[in-house]
Structure formats: structure tokens, C-alpha cells
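Any chance you can model this:
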Amino acid sequence: MRSIPAGMRFLVVPSALAAVVVFAACSGSDTKTVTVERTVTEVATSTTADESATTVALYFLRDGKLAPVSRGVVAGSESDLATAAVEELVAGPEGEAALDTAIPDATTPGSVEVNGDLATVQLTPEPKDRTARAQVVYTLTAVPNVKRVSFGGGSPVGRKAFEPQTPAILVESPLPNEQVEPGFEVKGTANTFEATFNYELRDAVGKVLRKNFVTATSGSGTRGTFEFTVPYEIDHPQQGRLVVFELSAEDGSRINESEIPLRLE
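Now for the predicted structure:
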């Protein structure tokens, strides 16, 4: 997560500092002592965060298919949030060796205007590659309320236009490396044979903590949604991974498999 700017607050703290000045009289042994008190103002500073980060989902590529990751951005309005998400997307994957992007390095992100469920994005040059456009559309439609995207004022498109770029099983929550607790909820979309697929939750050493099958709302050529919970038991926090896959109708082998690393609490 990127660092969050913070405001400065100044706290004035008065403290008394006593200075003793001794004046010696010239006559005899008489000595007069004068004590002078003065006040010193000390300035202490403390920082308070005046903005908080919002987590957005950015869609990069894994094996040529869309793969979401989370990133924190600072933004106010929906348009600001959408603009920040596109800027992060164009910047590319950070430290993710397994991820790639179809958005050219020379792309310059512009502003994004959100009106209702439509986001209008300005990119220079405008991406023509469908995979790059899919990344932008999926990233923007992950912003609350946005359902359609227009490139530079052109005809709006939604996620359905990019089915070839979408993995058969797309887990959108939790995102990679999120912290989860027993009974965490998994959400996403799938387009699998007869709308079914399987999952396994594995611990740090690969032991299967939980497994089951899932049925999406539709499949066999039509993408549906899914939602399920994953109970588990561990004796200490550790890294884990959620594995989703489809069983081949031909030979029962695993196909369309993907892994989401998680922090198990």
C-alpha cells in the first residue's frame, strides 16, 4: 500500500524555566540574590492522518487472463477514486512477477468522470487491444456503482464484452494476500461446465484444511455468480492459499485452476 499523506498539528506547551542571577554588593559581605523567572514556549508536533486509504481492485493478467490484486489509494469522490484506480493500473503490477499487463508503457492516464453507473475514461493513446481494454473495464466496474465504461466518450461497454479475457473461475473476494478468519466469504463469477467447480483451502505446508464443490448461478457458456463461506481451524496464524479448479468432464483432471494466497488468522 502506498504511503498516506498526513496533516501536521502543532501543540503549544508552556513551561517555566527559572534562571538564578547573583549580584554581589560591593560593600562588605552583603550579598543580594535575585531570582528571575521566564516562560519558554516549546512547540511539539504530532501528525494526524487527514486522509485515509481506500482499497481498489486492479485487474492485471495471469497467463493471459484477468487477475485482480488490491491496492490502496487516497481519493474522495467516485470520480477521484476511479481516476486513482486507472492511474495505478497504468503504472503496472508492482513486485508481482507472475502478473503482466497489456496496457502499453507509453499510455498516459487522464481523468475519469463517473455519472450514475457510467465511467468515461480518458487514456492517451486510447488502447485498441481488447485485453488492455478488458483490464480497464474490469478495474473501473470494480468501483462502487459503476457498471459501464466509455473510452473517450465512445459507446459504453460492460464486462460481458470481455468473456474471452476472463478466467473460467474468477475470485474477486478475498483478493490476494488479504487477511481472513474462519468462515470467511468468497465471491466471484464463473463460467464452467454445468456451473460447478471445486475449492480447497490449504495451510502453509500444503495441508488441505477444507474442501468442497460450488455451484454458480449459471454456467456452460453463460457466466454466473457464486458466493460461499470457508470454515477452518488452525492453531496459529499463517500463510495459506485458496485453490479453485474445475474437474474435466472428459477425464476428471483439474482444469482452469488458480490460487489466491491468503493470510490465515
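
what about the stretch 101-250 of the chain, any weak spots by pLDDT?
In the predicted model, the stretch 101-250 of the chain carries no residue with pLDDT under 70.

what sits against the spatially closest residue to Pro174 that is not a sequence neighbour?
Here the nearest residue to Pro174 in space, its sequence neighbours aside, is Val180; by C-beta to C-beta, 6 or more residues apart in numbering that works out to 5.6 Å. The way it works is simple: take the backbone N, C-alpha and C, and place the C-beta from them, glycine included. Residues in contact with Val180, defined by C-beta atoms under 8 Å, 6 or more residues apart in numbering, are Pro174, Val230, Leu262, Arg263, Leu264, Glu265.

So what sits opposite Val180 in the bridge?
Leu264 (DSSP bridges).

got it, and the one 4 residues further on?
With beta bridges defined as DSSP bridges, Phe184 has these partners: Val230.

hmm, back to that, give the ChimeraX command for selecting the buried subset of the contacts of Val180.
Once 16 or more other C-beta atoms under 10 Å is used to decide burial, the buried members of those can be selected in ChimeraX as follows:
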select :174,230,262,264
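
can you give me the helices in the stretch 1-150 of the chain?
78-91, 130-140 (DSSP state H, counting those that start in this stretch).

Gln122: which of the contacts of Val180 is nearest?
When these are compared for distance to Gln122 (C-beta to C-beta), Pro174 comes out closest, at 31.6 Å.

Report the contact partners of that closest one.
When contacts are counted by C-beta under 8 Å, 6+ apart, Pro174 touches Val180, Phe184, Val186, Leu242, Ile260, Leu262.

Please name the nearest non-neighbouring residue to the fourth one.
Using C-beta to C-beta, 6+ apart and skipping the chain neighbours, the partner closest in space to Leu242 is Ile260 (4.5 Å).

can you confirm that neighbour is in a strand?
Yes - secondary structure of Ile260 (DSSP: H, G, I helix; E, B strand; the rest coil): part of a strand.
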